[in-house]
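> what shape does this take:
(chains A and B)
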Amino acid sequence: MSLLEIENLSLSIHGTDILKQVNLSIAPGQIVAVTGESGSGKSMTALAVMQLLPDGAKTTGAIRVNGSDMLDRDENDLCALRGAAIGMVFQEPMTALNPVKTIGDQVMETILIHKAMPPRQARDRAEEVLTRVGLPPDRFPLSRFPHELSGGQRQRVVIAMAIALRPKLLIADEPTTALDVTTQAQILKLLKGLVSEYDMGLLMITHDLAVVADMADQIVVMRQGEVVESGATAHLLHHMQHPYTSMLFKASGHQVSLPEPAKSRPLLEATNVIRDYRLPRKGLFDSPEHHRVVDHVSFTLNSGERLGLVGESGCGKSTLTKAILGLEEVQGGDIRLDGQPVFSGHKPNLAVRRKMQVVFQDPYGSFNPRHRVARLITEPFHLLDAPVMGSERQDRIAEMLTAVGLSPDDAGKYIHEFSGGQRQRIAIARALIIRPELILFDEAVSALDVSVRAQILDLLAELCEAYDLTYLFISHDLSVVRTITDRVMVMRAGKIVEEGDTESVFSDPQHQYTKDLINAAPVLPDIGRDVA
Amino acid sequence: MRFLRIFWFHRCWTRRARTPNVASMLRYALKRLISLVISLAVASVVIFAVIEVAPGDPASFMLGVNAQEDTLAALRAELGLDVSKVQRYFNWVGGMMVGDFGTSYTYRTPVSQMIADRLWVSLPLALYALTLSTAIAFPVGIYAAARRGKPGDLTVMGATQLGIAVPNFWFAMMLVLVFAINLRWFNAGGFAGWDKGLWTGLHSLTLPAIALALPQAAILARVMRSSLLDILGEDFMRTARAKGLSRRQALWRHGVRNALIPVLTIIGLQFSFLLAGSIIIEQVFYLPGLGRLVFQAISARDLIVVESVVMLLVFAVITVNFLVDLAYAAVDPRLRSRT
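As a prediction, the model looks like this:
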């Protein structure tokens, strides 16, 4: 018998249809992955199973857990089921735990709230599950607070809370999306182990098809609230029926062909760059200690070259980016663009600054919502001594918007009228408008859906052709860096541990850390691409 | 139920006390204490400087324009005004340390005694009002947050809007009209004194305390509500629900304590305000409080009294801030490791 049976589930929130006739089922010991792009309704499906939907939600159909329908139950019954029969793990481990309570209290709460056992036993059980998820109490006492743990460790706590009462069904909503590849690999392994050990059913929501292919027994592909295709993983990957599924897989492994880089002079030169952050004083009269975030980094970026920078979170990528942009002063070494220092006399060097532009990760937060597009993309003009004015300004706006695949008419619109992918196009237009010699892409495609990401990568390749771009592409996503750069640097704990031609670094990594990174990254099976 | 909750808080407290967090809490307290002492020292210099540079010689003001030069000199010597300013500053600070605030220029009585008398009215009044406003605001704020957008919430929002808009002296007059004049439950004004017993004293402070507390409670309830609403949208509240907590349990166990930080800030500010800012209420109810003392001292150019009361208020405000800082750290473990 199925553990979870969703039958013709439809959901509307305040009259807007979110889910339409969704069907899926999970057997004990089975992993079912629901995948699709943002807005496809995959998270809502998970929340519907928990019956933790937002206000104004109306559900029809049936969600049977162990044969009984969740939709027929009253709130008290649901509370008794949540946490005991169904556990849930969320995407964002940094905020999923209550910051003012110890991890022990939070794990024990799952047990105590269901009155499953007396406090003393609950404490033992909490220690047991925390040990099971890799946080043994001798190293991670129950009295730890969440802020004393890393993201991966916090996700382990969240998993411990979810499995403390050995639920038959576990729901994981993008459990590894916020984590580094190596941590992701560990968490996925843990989840897989738990499923077989406890004979649980796992409903996993993820947009990452490589993870899906690796983990799931069954795949459910959703689009705009509907299931477009579902089936056993191997079968579905070999026989994709729906064009949307094959489009998703094609987009995930999207490759672009960059034009040959024009070999020429060094543009950006970093020599022995050191960036220290001051830590708070330990005692009143102690001198403050320093944390070295960027440690003797040296590299050269030639003009016309596309350089990648990869590494896990906290390795110093972003700090290095800020130093290159002249946003922060370095404590040692030298960064020069075209032979001129980016930072001189404790001030950013404006003459150099205008030759660089940056595109950030978040297409939603990096624009002023009260300015029109024309004003947003002409912002870099203020770096120039003689800002471009009049009809030339209009021409430049029109040219840039056309170049990034938008229409010149879009200049009069506000940013909220655009989708995430369009916003990232506008960000690129903003970076390109003063024809900078160097562009920094800081995780510029990480927040985008696979299909949109593929389009933006294509756009970059086109722009390389048209404008001879030189860029530094910073990302944690190895597959993207592999296709969009000529040369790559691998950064770890503030140091560049490996550097070389992108293809040779990826196909024949020399440093152990590079090997670990590449091994940890889930790979799409080749089948997906062949079918297309 | 409420008792159980208090017990639960207590249990968390004692359990935490056994953990290594005590050390970080103590270190944090020590740091805050050092900054308290520094703030007080700076404040004393600033107060002394500002009041001393104000024009006007207290001695000639007291004796009038026709005073003889030698009488003036004698009075200046008596008041300790004949030494250098630096010397006077240290005399003043040194005196305060041992409880000697000097002698009032106008009343010729020890300032410490004058302040002590007034403080016995103002401090209990402020505490009384603060207790009332917290006791009203917490349940009301939590109630409104739990029923966001529903009639209960809208009623609370309307009422608190009114509470903020209406000045406290109007409340004071209405309270007098209803409870003193019509119902005769309370006296219309005056302070009975503590020597007739705690109950009599509290009884005569009740109407002023309510008048002071209502607008403060309205502000506090709104802060509590919005702070709690922010917390209700947090991811960990959803986690709590996924564990099987009901809406109400999640609110109490995970929401309230997280929502306290902004509320504590406001409580700290309100106490400082209530201690010295209640002059209008003191006037309405004929209470011999600190506010009136400062007012009279300023009009009489009784600098030593003004200086001392201002210093005392600064001391109170800084101490309250210190306590609020400690409360922050007690509520939020992240603050203990920082700063």
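
> give me the helices and strands touching the helix or strand harbouring B:Ala49, please.
Element membership for B:Ala49, per DSSP states H and E: helix B:21-53. Helices and strands touching helix B:21-53, by 3 or more Cβ pairs under 8 Å, 6 or more residues apart in numbering or on different chains; DSSP states H and E, are helix B:85-97, helix B:303-331, helix B:333-337. Any C-beta I mention is one placed from the backbone N, CA and C, and that applies to glycine too.

> and the residue of chain B closest to chain A?
Nearest residue of chain B to chain A: B:Gly244, at 3.3 Å (Cβ to the nearest Cβ).

> would you agree that residue is in contact with A:Arg82?
Yes. Using Cβ atoms under 8 Å, B:Gly244 is in contact with A:Arg82, at 4.3 Å.

> residues in the stretch 1-150 of chain A within reach of chain B, list them.
Residues of the stretch 1-150 of chain A lying close to chain B (Cβ under 8 Å from any Cβ of the partner chain) are A:50, A:52, A:75-76, A:79-84, A:87-88, A:90, A:92, A:95-102, A:105, A:109-110, A:113-114, A:141, A:143, A:145, A:147-148.

> quick one: which of those sit in strands?
Among the residues of the stretch 1-150 of chain A next to chain B, DSSP state E puts A:87-88 in strands.

> among the residues of the stretch 1-150 of chain A next to chain B, name the buried ones.
A:50, A:79-84, A:87-88, A:90, A:92, A:95-102, A:105, A:109-110, A:113-114, A:141, A:143, A:145, A:148 (16 or more other Cβ atoms under 10 Å in any protein chain shown).

> which residues of the chain score low on pLDDT?
Assuming you mean chain A. Along chain A, the model assigns pLDDT under 70 to residues A:1, A:263, A:280-285, A:527-532.

> let's do chain B instead
B:1-21, B:53-56, B:58, B:337-339.

> mind giving me the domain split of it?
Per automatic domain parsing, the domain ranges recorded for chain B read B:2-55+B:118-337, B:57-100.

> for the host helix or strand of A:Gln153, name the packing helices and strands.
Assigned by DSSP H and E, A:Gln153 belongs to helix A:151-163. Judged by 3+ Cβ pairs under 8 Å, 6+ apart, helix A:151-163 is in contact with strand A:86-89, helix A:103-113, helix A:119-132, helix A:181-198, helix B:235-242.

> save those as JSON lines, and put in distance to A:Lys413 too.
Output for the helices and strands packed on helix A:151-163, formatted as JSON lines (distance: least, Cβ to Cβ, whole Å):
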{"stretch": "strand A:86-89", "distance to A:Lys413": "39"}
{"stretch": "helix A:103-113", "distance to A:Lys413": "45"}
{"stretch": "helix A:119-132", "distance to A:Lys413": "51"}
{"stretch": "helix A:181-198", "distance to A:Lys413": "37"}
{"stretch": "helix B:235-242", "distance to A:Lys413": "33"}
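
> and those, which is most packed in?
Comparing those by mean neighbour count (mean count of other Cβ atoms under 10 Å in any protein chain shown), strand A:86-89 comes out on top with a mean of 28.

> contacts for that one next, please.
Applying Cβ atoms under 8 Å, 6 or more residues apart in numbering or on different chains, the contact partners of strand A:86-89 are A:46, A:49-50, A:65, A:82, A:155, A:158-159, A:161-165, A:167-173, A:175, A:191, B:239, B:242.

> returning to what we had before: the inter-axis angle of the helix holding B:Ala49 versus helix B:85-97?
130 degrees (axes from the mean of the first three to the mean of the last three Cα atoms, to 10 degrees).

> quick one: buried residues of helix B:21-53?
Quick answer for helix B:21-53 (16+ other Cβ under 10 Å): B:21, B:24-25, B:27-28, B:32, B:36, B:39-40, B:43-44, B:47-48.
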